[in-house]
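K.L.:
Fold the following, please.
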Amino acid sequence: MTPAASPGAELVGRRWIVVGRVQGVGFRWFVLNHAQSLGVRGWVRNTDDGSVEVVALAGAATIEQLDARLTLGPPGARIVRIERSDVPHEIVEGKSFRIMH
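P.N.:
Numbering: from 1, shown residues only. Below is the predicted model:
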């Protein structure tokens with residue numbers, strides 16, 4: 001397990017909108033498992049337009065690891081594009097990663 005941030009490491013808040021064939025293929029569970037293994041805080045959810053939204057808070061290196069995994073996705077997913085943006089730390093509530101409905 002990789003820690004989300006080493007003591008003194010700067011936390012990064014990031015939001016991804018993953019577009020393509022990403023609903024109905026286990027994408028949220030894929031993100032949940034990887035985020036939890038990395039020690040990331042935040043959430044993942046399906047959106048009404050068929051994309052998946054991910055919001056996470058962790059150290060910069062850990063955020064980049066999660067980003068790389070989102071780019072791959074689970075078997076069955078077909079990612080057309082990923083929109084990335086930074087978000088304020090306050091948007092991430094709680095101390096774990098979860099699936100929001």
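
K.L.:
Quick one: distance of the helix or strand harbouring T71 to the chain centre.
P.N.:
Element membership of T71 [criterion: DSSP states H and E] is helix 60-72. In terms of Cα atoms, centre = their mean, to the nearest Å, the centre of helix 60-72 is found 8 Å from the chain centre.

K.L.:
same for it, what does it pack against?
P.N.:
For helix 60-72, the packing partners by 3 or more Cβ pairs under 8 Å, 6 or more residues apart in numbering; DSSP states H and E come out as strand 11-21, helix 27-38, strand 52-59, strand 78-86. Every C-beta, even on glycine, is put in place using the N, C-alpha and C of the backbone.

K.L.:
How about the residue most central in space within the chain: which residues does it bridge to?
P.N.:
Nearest residue to the geometric centre of the chain (Cα atoms, centre = their mean): V54, 4.2 Å. Taking DSSP bridges as the rule, V54 bridges to W16, V44.
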